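Asker: got a sequence here, can you model it:
(4 chains)
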2 protein chains.
Amino acid sequence: MSTINDVARAAGVSVATVSRALRGLDRVSPQTRARVVQAATELHYVASPTASSLASGRTKVVAVVVPFLARWFFATVISGIEKALRRHDHHVLLIDLEGESFGTRLHLSHSMLWKRVDGVIVLATALDEQEQALIERLGLPVVTIGHRIRDWSCVRIDDKEAMRIAVRHVLDLGHTDVAYVGGVPDASADLQTPQDRARAFADTLAERGLGCPPEWVIESDWTAVGAARDIMAVLNGPSRPTAVVAASDEMALGVMAAARRSGLAVPQDLSVIGVDDHVLSEALGLTTVRQDVLCQGHRAGEALMRQLVDEAAATVDEVMPVQLVVRESTAPPPKKRGGTRVTNT
Amino acid sequence: MSTINDVARAAGVSVATVSRALRGLDRVSPQTRARVVQAATELHYVASPTASSLASGRTKVVAVVVPFLARWFFATVISGIEKALRRHDHHVLLIDLEGESFGTRLHLSHSMLWKRVDGVIVLATALDEQEQALIERLGLPVVTIGHRIRDWSCVRIDDKEAMRIAVRHVLDLGHTDVAYVGGVPDASADLQTPQDRARAFADTLAERGLGCPPEWVIESDWTAVGAARDIMAVLNGPSRPTAVVAASDEMALGVMAAARRSGLAVPQDLSVIGVDDHVLSEALGLTTVRQDVLCQGHRAGEALMRQLVDEAAATVDEVMPVQLVVRESTAPPPKKRGGTRVTNT
DNA sequence: CTGTTAGCGCTTTCAT
DNA sequence: ATGAAAGCGCTAACAG
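Answerer: Numbers count the residues shown, from 1 in each chain, chains lettered A, B, ... in the order given. Sure thing, here's the model as predicted:
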């Protein structure tokens, strides 16, 4: 393929002029620019990204760091990021921190970022001190999604508010016996989302003078199978809830399935509500609190681009709105069985 | 940060030696190598990827081209690819071809690949002649997944076989009135998977002397909502099937939900089977034909790395196994209603 | 407005 | 086994 030299020769100008003309810098006469552009087009010239990166110090690539990839939320966010970045002629370099074996996670290292990317977007991951220091040291602008770190820019929803809306919905329906799936497992003890949602669940019940027995607050690995497995004991127990609030739609779908397996009809015998508005939730009729995940990715991408262009651009903390979406999985509680009600803390 | 010069100075050798020593080339004495490695470690030296790319012509980055990202299949494959590549110290540059507006798709262009990546992995996408020529011209090794293109390496399953297994399962259960969701829409008329599965559905019925009325073969956008919407007419029609075979689990889940909405119990009134073994299928009790998607990504990554190292490495066509997984969504047909049976073509 | 000229940091002959 | 030196292709001063 042709290089900048070929174009310079063809257009009868210097390489510097070619570089300026093609990058749209000023101080190039319209005629010259036209000639250069034409020569470049004819030669199918495209600047070598590695060469310009080396010379300019900028790569036009941003690292997108994820704890794992094969989850709806992450894949969707990344899709949003990608679309935002490509408008600005930037690319996504994927950094998947999921380890080989279960429960492990890779650590962000110097060699993943150094001279490789211009900025970083971190998805719902708690970086440790070392990793944070690394990014700081490299001087990379960063935007986080779904989890605040330091004073870095962040795009997120109000997790407490989302959960409050979910809980109030079932409470307003008349439920008083409600269980929760999505307690905070050790593995994500440092993530804000599980914590905030779990906390808001308890608080919102308390706010109405209600409580929930500890065995009705179920820790979960945040998967559908896990939730289905773990809710079973509660559904088959002597006194069972009339509603289950799950911290995510994936878990909520697991709960719905578990209920059916136990012979409980949803929502007649058991109401189920989630948070997220997973792709499948609409089809499966799950009531949920929707967040616009694609948009969050988009916003994060835009925010990063701003910081890239303007060193002094303000860091942002965008809190995106959430919205209750009522579908078939929630209804008022069945009339009978008032006796088994439980309301301690 | 430190450069190769700093290391050379610290170790008292030339930069050439540092380069050789650190990359594990031979013709470096063990002592020298040790000194270099130590100096590099102390200085936290990591070679600048852009500089070595420019000098060597190789980037250690591979483009992963996807038609869209936020779908379980694609996200999962990519996860597999990523894990394979990182073992070989290579990275994933995401190229999402999904356009801004519905139904459009971006075209693979020179500037996305040129001097940017060492190879390409194409996921379930039919590239047009221009795009194929581009890759050919750039001399990039490529591996496709789920869709054969030219004589390029490919990792896939036998789609016809997968569908045959699904259909035979419901037939063996005793069903004779079976509908299909996943006909080939125009948008994917050039993709092998939809075609092969649809074809195998019809063929497998025929093989047992059965048929399926045209209105029971439903085209779909391959989403759960779409399938749920489109199956409704059939489920509420005068004569309805006792089983539905969907070309993907996502659609199958949509069908299950639609059936319940129509007051049909699954599997008592209607059996449903899919293909893929989506993450949620186990939790939701969907019978399916499983493929190991993660593994396909892994294999594709490995195959590409082989071709990268050894120019002459044989191109491969790996056909991964599939397996019937019977869960709660399929059962023998209800006894009555024999009268409405339909068996034309 | 345009050309000249140093690099950017590494790899890779070619000598030694 | 090691060093010297010529690039890789582009950007960014600095002149003019």
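Asker: and residue A:323, that's in a helix?
Answerer: No - Residue A:323 sits outside any helix when classified using DSSP: H, G, I helix; E, B strand; the rest coil, being strand.
Asker: report pLDDT for it.
Answerer: What the model reports as pLDDT for residue A:323 is 98.
Asker: just give me the neighbour total for it.
Answerer: 12 (other Cβ atoms under 10 Å in any protein chain shown). For the C-beta atoms, the positions are set from N, CA and C on the backbone; glycine is no exception.
Asker: cool, and the one 5 residues further on?
Answerer: Residue A:328 has 17 neighbours, counted by other Cβ under 10 Å.
Asker: got it, and residue A:138?
Answerer: 16.
Asker: and it, what does it touch?
Answerer: The contact partners of residue A:138, by Cβ atoms under 8 Å, 6 or more residues apart in numbering or on different chains, come to A:110, A:113-114.
Asker: again, 10 Å this time
Answerer: By Cβ atoms under 10 Å, 6 or more residues apart in numbering or on different chains, residue A:138 lies in contact with A:110, A:113-117, A:120, B:1.
Asker: can you pull out the low-pLDDT segments for the stretch 201-345 of chain A?
Answerer: A:336-345 (pLDDT under 70).
Asker: and it, which residues reach chain B?
Answerer: A:223-229, A:250-251, A:253-258, A:260-261, A:265-266, A:278-286, A:293-294, A:297, A:328 (Cβ under 10 Å from any Cβ of the partner chain).
Asker: quick one: buried ones out of the residues you listed?
Answerer: Listed as buried from those are A:223-228, A:250-251, A:253-258, A:260, A:266, A:278-286, A:293-294, A:297, A:328; burial here means 16 or more other Cβ atoms under 10 Å in any protein chain shown.
Asker: where's the helix or strand residue A:200 falls within relative to the chain centroid, distance-wise?
Answerer: Using DSSP states H and E, residue A:200 falls within helix A:192-207. Relative to its chain's centre, helix A:192-207 lies at 20 Å (Cα atoms, centre = their mean, to the nearest Å).
Asker: buried stuff in that helix?
Answerer: Those would be A:192-198, A:200-202, A:204-205, for helix A:192-207 by 16+ other Cβ under 10 Å.
Asker: other SSEs contacting the helix or strand just after that helix?
Answerer: Next helix or strand after helix A:192-207 toward the C-terminus (DSSP H and E): strand A:217-219. Counting contacts by 3 or more Cβ pairs under 10 Å, 6 or more residues apart in numbering or on different chains; DSSP states H and E, strand A:217-219 is packed against strand A:178-183, helix A:192-207, helix A:224-236.
Asker: parallel or antiparallel, list what pairs with the first one.
Answerer: Going back to what we said before, that points to strand A:178-183. strand A:217-219 (parallel), strand A:243-246 (parallel) (DSSP bridges).
Asker: would you turn these into CSV with distance to DNA strand C and mean neighbour count?
Answerer: Formatted as CSV, the strands paired with strand A:178-183 follow (distance: least, Cβ to the nearest atom of the strand, whole Å; neighbours: other Cβ atoms under 10 Å in any protein chain shown):
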stretch, distance to DNA strand C, mean neighbour count
strand A:217-219, 47, 18
strand A:243-246, 49, 30
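Asker: can you put the ones you listed in TSV and add distance to residue B:5?
Answerer: TSV is the format used below for the strands paired with strand A:178-183 (distance: least, Cβ to Cβ, whole Å):
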stretch	distance to residue B:5
strand A:217-219	53
strand A:243-246	57
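Asker: for residue A:208, which residues are in contact?
Answerer: Residue A:208 makes contacts with A:167-168, A:171-172, A:176, as judged by Cβ under 10 Å, 6+ apart.
Asker: would you mind measuring from it to DNA strand D?
Answerer: The spacing between residue A:208 and DNA strand D, counted by Cβ to the nearest atom of the strand, to the nearest Å, is 60 Å.
Asker: swap in residue A:75?
Answerer: 33 Å.
Asker: and for the nearest residue to that residue once chain neighbours are set aside, the neighbour number?
Answerer: Among residues not flanking residue A:75 along the chain, residue B:75 sits closest, at 3.7 Å (Cβ to Cβ, 6 or more residues apart in numbering or on different chains). For residue B:75, the neighbour count with other Cβ under 10 Å is 26.
Asker: what comes up buried for the helix or strand hosting residue B:75?
Answerer: Assigned by DSSP H and E, residue B:75 belongs to helix B:72-87. Residues B:72-86 are the ones in helix B:72-87 that count as buried (16+ other Cβ under 10 Å).
Asker: could I have that helix exported to PDB, CA atoms only?
Answerer: The C-alpha coordinates for helix B:72-87 follow below in PDB (Å, rounded to 0.1, in the frame of the first residue of the first chain):
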ATOM      1  CA  TRP B  72     -25.700 -13.800  24.000                       C
ATOM      2  CA  PHE B  73     -24.100 -15.800  21.200                       C
ATOM      3  CA  PHE B  74     -21.800 -13.000  20.100                       C
ATOM      4  CA  ALA B  75     -20.700 -11.900  23.500                       C
ATOM      5  CA  THR B  76     -20.000 -15.400  24.500                       C
ATOM      6  CA  VAL B  77     -17.900 -16.200  21.500                       C
ATOM      7  CA  ILE B  78     -15.900 -13.100  21.900                       C
ATOM      8  CA  SER B  79     -15.200 -14.000  25.500                       C
ATOM      9  CA  GLY B  80     -13.800 -17.300  24.300                       C
ATOM     10  CA  ILE B  81     -11.700 -15.600  21.600                       C
ATOM     11  CA  GLU B  82     -10.300 -13.200  24.100                       C
ATOM     12  CA  LYS B  83      -9.200 -15.900  26.500                       C
ATOM     13  CA  ALA B  84      -7.500 -17.800  23.700                       C
ATOM     14  CA  LEU B  85      -5.700 -14.800  22.400                       C
ATOM     15  CA  ARG B  86      -4.400 -13.500  25.600                       C
ATOM     16  CA  ARG B  87      -2.500 -16.700  26.200                       C
END
